[in-house]
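1. Curious how this folds, go ahead:
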Amino acid sequence: MRRHTLPACARVEMVLLIPALLLFGCGQGGDEPGTDGVDEGGAAQAMDDLDPCSLVTAAEAADALGVEATEADRPAEANTETRTPSYSDGDDTVVRLRTCRYTGNKGEGVAVLTVMVRHSSSPTEAEMGFESMRSTYAESMGVTDVPGVGDQAFWMSSPPSLSVLSGQHQLSVGGDVDAGTARDLAAEALERLTQ
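-> Next comes the predicted model:
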């Protein structure tokens, strides 16, 4: 019997999108507006203007992937905004997700680097979603904690992806990179995200 498998870049794309889908249903805001770091519009407005491809540049992606040239893609299916009822007197919980994908020819195949950032309404909501994602991946694929980047971070090797929690943001860097390279890219991306 012939077994069908997805190309490596397709598997990476699916794994990076799965957390986004899981997190839309997680972490309903229990915080009251104006408390515990709840977003009252300023950070949300910044996310409206955020270009995820500005967090990791094309030159950095090319260096990380070892390809001569890359092109940025912002897949429409991975750039979303949802509003769900929260427990804070009917206010909306805003979930925003932005994704950037770089690709480049490598040998007879394609090298891929994907950067995804998710903005939550509060640090509490972001942490709940991050912990849910970590638990899901720990059970199914195994994860390794990565110290020194963001508030918390973990790496999974199949397919390669680093997930980072930082305040109200979750950042994922994955694709044809190793854990050290993903960590360096994520650290730089977080600096740009908080500027």
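2. Shouldn't Leu171 be within a helix?
-> No. Counting by DSSP: H, G, I helix; E, B strand; the rest coil, one finds Leu171 to be strand, located in no helix.
3. which residues touch it?
-> Counting by C-beta atoms under 8 Å, 6 or more residues apart in numbering, Leu171 makes contact with Leu55, Val115, Met116, Val117, Arg118, Gly150, Ser163, Val164, Ala186, Ala189, Leu190, Leu193. Where C-beta positions appear, they are placed from N, C-alpha and C, glycine not excepted.
4. what about 6 Å?
-> By C-beta atoms under 6 Å, 6 or more residues apart in numbering, Leu171 lies in contact with Val117, Val164, Ala186, Ala189.
5. Take those residues and lay them out in CSV including neighbour count.
-> Putting the contacts of Leu171 into CSV (neighbours: other C-beta atoms under 10 Å) gives the following:
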residue, neighbour count
Val117, 23
Val164, 25
Ala186, 25
Ala189, 26
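6. Quickly find the element holding Glu131.
-> Here Glu131, judged by DSSP states H and E, is contained in helix 123-140.
7. my read is Val117 is in a strand, agree?
-> Yes. Using three-state DSSP, the assignment for Val117 is a strand.
8. Would you check that it makes contact with Arg96?
-> No. The criterion here is C-beta atoms under 6 Å, and Val117 misses it with Arg96 at 8.5 Å.
9. Show me the shaky parts of the chain.
-> Residues of the chain meeting the criterion pLDDT under 70: 1-49, 69, 76-95.
10. longest strand anywhere in it?
-> strand 92-106 (DSSP state E).
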